[in-house]
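Student: After the sequence you'll find the predicted model.
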Amino acid sequence: MHTSPTSPQTTRKRRSGRLLVLSALSAGVLLAACSSSSSSSTTTTSGGSSTTTAADPYLAADLNAPAASLNGAGSTFVQPFFKAAFNAYEAKNQNVQINYQGVGSGAGVTAFQQGTVNFAASDVPMGTADLAKVPAASGPVVQVPDILGGVAVAYNVTGVKTGLKLDAVTLAGIFDGTIKNWNASQIVALNPGVTLPSAAIVPEVRSDGSGTTYIFSDYLTTAAGSSWALGKGKTIAWPPSAEATKGNAGVAQSISTTPDSIGYIELGYAIQNHFTYAAVKNQAGLYVVPTLASVAADAAQKGPVTPTDFSIVYQPGAASYPIAGYSWAILLQKQTNQTAGSATVKVLDWTTHTGGGQDLAASLDYVALPPSVQSYVRTQLLTVTGPNGQALLTKS
Amino acid sequence: MNQELGTTGTGGARRRPLLALPNTGYKVLLAAAAALFAALVLWFLVAMVSKSRPAFSSLGVSFVWGRTWDPNTNQYGLLPFILGTLETTVIAMLLAVPIGLGCALSLGYLVHRRVKTVLSTAVELLAAVPSVVYGLWGLIVIAPYMRTDIEPFLSSVFGWTGLFNGPDGGVGILLAGVILFIMVLPTMVAISRDVLVAVPHDQVEGAMALGATRGQVFRKVVLPGARTGLFGAFSLATGRALGETVAVALVIGNSNYIAHSIKSGGGTLASLIVNNFGEASGTELAVLFAAGLVLLVIVAAVNIIARRLVRRTARSGATSVAVA
Amino acid sequence: MTALLDAPPDPILARRAEIRQIAAASVKRRRVSSAITLGVCQAFLVIALVPLVAVIAYVVAKGLPAWNSAFFTETTATDGVKNAIIGTVVIGAIATVVAIPFGLAAGLFLAESDGRVAGTVRFVADVMTGVPSITIGIFGYIAIVSTTKQYSGFAGAFAIGMIMLPVIMRAGETAFRGVPPTLNEAGLALGARKATIARRVVLPSALPGIITGVLLAVARGLGETAPLLLTILGSDFVHWNPTKPMNALPLVIYNNTNQPDPSVVQIAWGAALLLMAVVLVLNIGSRVTAAVLQKEKR
């Protein structure tokens, strides 16, 4: 191609043009960087989420909490998320220090009942029995969801890739010991093109009480009906053929070192450690693989949850992944210390809203709270008052 | 010797050395330390008993030997875990006592001095490995070997005993026992070694002068002479095996049923507590405290039995010096 | 002469020959059995070395890659364990400084007395070594955290101290009892006070055994997780204040091995290796110091 030599004028125009574009781009980048230091590009909340912080009038005030040192304890499930969120908060507000330890939901609730922590975290909200143990003088308890997670059904069978189709009745049979081999008719029927070995199935389950077990057994109870007789709870009386290991990591290790095994683990484990996991049948009859999006879809179908109505397993909707659940943060409604109470409620508010801690969820393989649930959290947190009876959450 | 033993009344120019207590002061100080320890333990026991009381008041005593553990139906039987505790500890100590003693004898009397220092340090280093690391190592590295090689081999050789029924699971009571053995080995070896070496040299030399072979010296002089110290090593090691928590919870398969073979999964009282404490409340929490008390009773019983055995062998004739 | 040859064999000579035969057979038998005993002992040494080498090699293999500059300079908020190292040092120091004199004094009490009281205390110490660490942790929570309404390094040190104490007591007693009674009697004969004998005679003589016991207790104490889980709460901040929540290496291991991200798990292995290295240094350091001290005494 023949190009004519550029005249000095053209070169000057081109240079200044490039300069203009360059400075516009840089300004845009700077603007984006300054507006929020946490990445907001990968939130997968369904239904029009806003990614600008200007829309939420409370967030800026949340960052202006008074100097305080806060302690929280409870769920191990939520610990990685809290750690990242609290570190991000502390980076923006150097006056507040937050210590959180995943001692287990029950131990966290016990600590809360005894007043040794500012807030607790539990995979299952406190029920009537637990609430009764909170001293009457402390007043009512506020419980709000803080993050959303999914439970993957992972397996280790040679030659079987991710996406093995399983439904609730089959899963119930596998985990209560009635379906004993991989090439059982029920599994084969669901997966016509897949070669399944005749080996015995080794179910891998949790030995310690856990919210993950609760969500999984809740799903089986809801979706498998009479086929599942072992109930729902943080601990289940698994059959003798099941191997139980402590912790999500333990179950994950067991699955990866035991051939022909199948178990339930938090979604994060399945994704980050490249497990093969099942496509589970949802209420709409479709087989869905657990992803951040499919978990979010399931949660969005349920909408707002309360401490007495919190199950979100097996929701309608074509895109829903049926095995999911919230984790909950717990604090006293009547805070007795102005600075600590103000800091507690502001930190929790920042952590549970888009533009704040929720923006970190996706990078850690958690799912952000849907907007309807975030509104519920906001309403609840607005009821938290200080010693003088005034609401602690403020607008900026 | 440059240093003099302080005497009760020397010239005035010498300063009173530190801790130059009169004999009564000395005795009182020591007794106070022991008393303070006893008080701490008493406080501990009182706390445990008061926290476990709700379990006994709502379930009676029978849950201690109940066979079924199912919190969802309010059944809190501890028998599977009591049996699991005993089984894993027996396996661990059956391995640890002979191997530990053999190792200690070798380190004390048979190996070159330099080798001895290096190996002793290495063995003591094992004591520093955290419990969770042992558990993970056992789960990731040893369990697969158990399943593919060791358990089938043991089943073929010892299957007639009826202890090796059922499938080869890898994790289970056997693996837990083996991991416990490795965990208590440093204690057994290190303390035994020091105790065996502390047997008076004149007795050892005397026996050799009488024509005893080294093996005889070991069997007739060193081991009997170190008996009470070896009991101390044994009881520290057994204590650790009985109370080990996280490592066991990772490798024992955590079946809440009574194990039918040592290859199957099981549970111990300690692993039961560590598995359920984080999420338990109400009656279950109180039962876990009760499980801790039951474990204390087991430790006490094992101790008493072992001590009787030690005293009996002492009395029944093996004296300090006896040669063929 | 034929009379001599025909005489019945000398019973003494016959008996001597018989004894010689028995002795030779006995020596042969005893040598064989001794060789077997020694062989078994050495075989057991080799058997014991196998898991030893395997575990240490595994921890080194998984932990060494984690040892980079970030590991030591950053806090647990990012990719490091600096605050956990400080926490382990502070909590370990408090627990050790309290438990060692306390435990040795009680151990000396047990060594000097065979009475009923001492027997009961000894028995109690033995039983306490069998208490699961989680139970000690719960006790630490009940005793300190519940009452002070505060998670703290002190609560953790209390729990760790309770784990170390019976071990130091019993190991110390065993070491003290290993001191030849003649030394003790010589001191008494020279008119020395008991305290002086204990300090100048018994303690130095029992020092190697004491160090073994103390090292075992400290190694265990530094590596225990469950007592810390319920007492120190964890923290991402660098500070040396034991009245506030702290972090510690075993806690980092426990938390991190429970997380999905492989890079986070690797930090846990790095922390485990660090714990082993610390104990190794303590081990070598204390033995060298003891040897130096004992040389000076001669």
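Tutor: On my side now, so go ahead.
Student: contacts and neighbour counts: CA atoms only from here.
Tutor: OK.
Student: residue ranges of the strands in chain A, please?
Tutor: Along chain A, the stretches classed as strands by DSSP state E are A:68-74, A:96-101, A:119-122, A:141-156, A:165-166, A:202-206, A:243-245, A:261-266, A:276-277, A:279-281, A:287-288, A:324-332.
Student: May I see the ones you listed arranged in a markdown table, with mean neighbour count and distance to A:Thr385 as well?
Tutor: Formatted as a markdown table, the strands of chain A follow (neighbours: other C-alpha atoms under 10 Å in any protein chain shown; distance: least, C-alpha to C-alpha, whole Å):
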| stretch | mean neighbour count | distance to A:Thr385 |
| --- | --- | --- |
| strand A:68-74 | 23 | 17 |
| strand A:96-101 | 24 | 19 |
| strand A:119-122 | 30 | 15 |
| strand A:141-156 | 25 | 11 |
| strand A:165-166 | 22 | 48 |
| strand A:202-206 | 28 | 39 |
| strand A:243-245 | 30 | 42 |
| strand A:261-266 | 25 | 35 |
| strand A:276-277 | 23 | 45 |
| strand A:279-281 | 23 | 44 |
| strand A:287-288 | 22 | 43 |
| strand A:324-332 | 25 | 9 |
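Student: among the ones you listed, which is nearest chain C?
Tutor: Evaluated over the strands of chain A, closeness to chain C peaks at strand A:96-101, with 5.0 Å, by C-alpha to the nearest C-alpha.
Student: any residues touching that closest one, and which ones?
Tutor: Strand A:96-101 is contacted by residues A:65-74, A:76, A:79, A:82-83, A:86, A:90, A:343, C:229, C:233-236, C:245 when judged by C-alpha atoms under 8 Å, 6 or more residues apart in numbering or on different chains.
Student: Redo the strands of chain A as JSON lines? Include mean pLDDT and distance to B:Gly162.
Tutor: Shown next, in JSON lines, are the strands of chain A (pLDDT from 0 to 100; distance: least, C-alpha to C-alpha, whole Å):
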{"stretch": "strand A:68-74", "mean pLDDT": "93", "distance to B:Gly162": "44"}
{"stretch": "strand A:96-101", "mean pLDDT": "92", "distance to B:Gly162": "45"}
{"stretch": "strand A:119-122", "mean pLDDT": "94", "distance to B:Gly162": "45"}
{"stretch": "strand A:141-156", "mean pLDDT": "95", "distance to B:Gly162": "31"}
{"stretch": "strand A:165-166", "mean pLDDT": "95", "distance to B:Gly162": "38"}
{"stretch": "strand A:202-206", "mean pLDDT": "93", "distance to B:Gly162": "23"}
{"stretch": "strand A:243-245", "mean pLDDT": "90", "distance to B:Gly162": "22"}
{"stretch": "strand A:261-266", "mean pLDDT": "94", "distance to B:Gly162": "27"}
{"stretch": "strand A:276-277", "mean pLDDT": "94", "distance to B:Gly162": "38"}
{"stretch": "strand A:279-281", "mean pLDDT": "95", "distance to B:Gly162": "41"}
{"stretch": "strand A:287-288", "mean pLDDT": "95", "distance to B:Gly162": "46"}
{"stretch": "strand A:324-332", "mean pLDDT": "95", "distance to B:Gly162": "44"}
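Student: would you turn those strands into TSV with distance to B:Ile252?
Tutor: Below are the strands of chain A laid out as TSV (distance: least, C-alpha to C-alpha, whole Å):
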stretch	distance to B:Ile252
strand A:68-74	26
strand A:96-101	26
strand A:119-122	27
strand A:141-156	20
strand A:165-166	29
strand A:202-206	12
strand A:243-245	8
strand A:261-266	17
strand A:276-277	25
strand A:279-281	30
strand A:287-288	34
strand A:324-332	29
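Student: Report the central residue of chain C.
Tutor: The centroid of chain C falls nearest to C:Leu216 when counting by C-alpha atoms, centre = their mean (1.4 Å).
Student: on that earlier part again, near chain B too, which of the contacts of strand A:96-101?
Tutor: Counting by C-alpha under 8 Å from any C-alpha of the partner chain, nothing from the contacts of strand A:96-101 sits close to chain B.
Student: how close does A:Thr352 sit to A:Ser363?
Tutor: 15 Å (C-alpha to C-alpha, to the nearest Å).
Student: Mind jotting down where the helices sit in chain A?
Tutor: In chain A, the helices defined using DSSP state H lie at A:8-35, A:59-62, A:79-92, A:105-114, A:128-132, A:168-175, A:185-190, A:211-224, A:247-257, A:267-272, A:292-302, A:338-351, A:371-381.
Student: from the middle of its chain, how far away would the fifth one be?
Tutor: How far helix A:128-132 lies from its chain's middle: 25 Å, per C-alpha atoms, centre = their mean, to the nearest Å.
Student: Now it: average pLDDT?
Tutor: Helix A:128-132 shows a mean pLDDT of 89.
Student: do the same with the longest one
Tutor: Taken as a whole, helix A:8-35 carries a mean pLDDT of 45.
Student: tell me the phi and psi of the residue nearest to the centre of chain C?
Tutor: phi -60, psi -40 (degrees, to the nearest 10).
Student: Can you report how many residues neighbour the closest residue in space to it that isn't next to it in sequence?
Tutor: Leaving aside its chain neighbours, C:Leu216 sits nearest to B:Ala127 (6.3 Å; criterion: C-alpha to C-alpha, 6 or more residues apart in numbering or on different chains). Residues contacting B:Ala127 under the criterion other C-alpha atoms under 10 Å in any protein chain shown number 26.
Student: Equivalent analysis for C:Ser69, please.
Tutor: Using other C-alpha under 10 Å, C:Ser69 has 10 other residues around it.
Student: likewise A:Leu392?
Tutor: Close neighbours of A:Leu392, defined as other C-alpha under 10 Å, add up to 26.
Student: Now do the same contact list for it.
Tutor: A:Leu392 touches A:Gly341, A:Ser342, A:Val345, A:Lys346, A:Leu382, A:Val384, A:Thr385, A:Gly386, counting by C-alpha under 8 Å, 6+ apart.
Student: Distance check, it against A:Leu171.
Tutor: Per C-alpha to C-alpha, A:Leu392 is found 47 Å from A:Leu171.
Student: what does B:Gly169 give?
Tutor: Note on B:Gly169: its distance to A:Leu171, by C-alpha to C-alpha, is 21 Å.
Student: what do you get for B:Val195?
Tutor: Using C-alpha to C-alpha, we find B:Val195 at a distance of 57 Å from A:Leu171.
Student: got the contact list for the residue nearest to C:Leu216?
Tutor: Shown in contact with B:Ala127 (C-alpha under 8 Å, 6+ apart): B:Met183, B:Val184, B:Pro186, B:Thr187, C:Leu216, C:Ala219, C:Arg220.
Student: quick one: which of the residues you listed is most hemmed in?
Tutor: B:Thr187 leads those on contacts (other C-alpha under 10 Å) with 30 neighbours.
Student: ok so, going back, comparing B:Val195 and A:Leu171, which residue is more hemmed in?
Tutor: In terms of neighbours (other C-alpha under 10 Å), B:Val195 is the more surrounded of B:Val195 and A:Leu171; the figures are 29 against 21.
Student: so the more buried one sits in a strand?
Tutor: No: looking at B:Val195 with DSSP: H, G, I helix; E, B strand; the rest coil, it is helix, so not inside a strand.
Student: any idea how far it lies from chain C?
Tutor: B:Val195 sits 7 Å away from chain C, going by C-alpha to the nearest C-alpha, to the nearest Å.
Student: And A:Pro370, by the same measure?
Tutor: The gap separating A:Pro370 from chain C is 24 Å, by C-alpha to the nearest C-alpha.
Student: same thing with A:Pro66?
Tutor: Applying C-alpha to the nearest C-alpha, the value for A:Pro66 to chain C is 18 Å.
Student: and what of B:Asn23?
Tutor: In this view, B:Asn23 and chain C are 6 Å apart by C-alpha to the nearest C-alpha.
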